[in-house]
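> Sequence plus the predicted model coming up.
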Amino acid sequence: QVRLVESGGGLVQAGGSLRLSCVDSGRTFSTSRMGWFRRAPGKEREVVAAINWSGEGTYYANSVKGRFTISRDNAKNTVYLQMNSLKPEDTAVYYCASAAFGGSFDSWGQGTQVTVSS
């Protein structure tokens, strides 16, 4: 059974915006650290952003700081990634991941494709 399901990917022109969503069907979302990762063609997977259980602590990769915003709604078991000022180098498959309290990211979604045209 797939626990994390991403949506919101698509094709957008450079400078445009997309909002990714990830719904967690598990029981521990409100205590889990959540993250967004991406894998571009020919590159290794990299962390994009992460957020702690309360939403008060966030982390961003330098490449997306000031452009992307991670947020969560614990009532909806959903984590979001608002992506603004998109660049062609943001093109990748974006994955949502979950880490149980104190643990590492060990539950992954199937990914959603984001393509930014120049």
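That came through fine.

> Show me what the spatially most central residue of the chain is bridged to.
Among the residues of the chain, the one closest to the centroid is Trp36, at 2.7 Å (C-alpha atoms, centre = their mean). Beta bridges link Trp36 to Ala49, Cys96, judged by DSSP bridges.

> And it, how far from Ser17?
Separation of Trp36 from Ser17 (C-beta to C-beta, to the nearest Å): 15 Å. Placement of C-beta: from N, CA and C, glycine included.

> could you give me the average pLDDT of stretch 78-95?
Mean pLDDT, stretch 78-95: 98.

> re the thing from before, assess the claim that the residue nearest to the centre of the chain and Val48 are in contact.
Yes. Under the criterion of C-beta atoms under 8 Å, Trp36 makes contact with Val48 at 4.5 Å.

> Overlap of the contact sets of those two?
Residues within reach of Trp36 and of Val48 at once, by C-beta atoms under 8 Å, 6 or more residues apart in numbering, are Leu81, Tyr94.

> Convert the C-alpha atoms of the least confident helix or strand in the chain by mean pLDDT to PDB, please.
In the chain, the helix or strand scored least confidently by mean pLDDT, DSSP states H and E is strand 105-108, which has a mean of 93. The C-alpha trace of strand 105-108 is given here as PDB (Å, rounded to 0.1, in the frame of the first residue of the first chain):
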ATOM      1  CA  PHE A 105      13.700   9.400   5.900                       C
ATOM      2  CA  ASP A 106      12.500   5.900   5.200                       C
ATOM      3  CA  SER A 107       9.100   6.200   3.600                       C
ATOM      4  CA  TRP A 108       8.900   7.600   0.100                       C
END
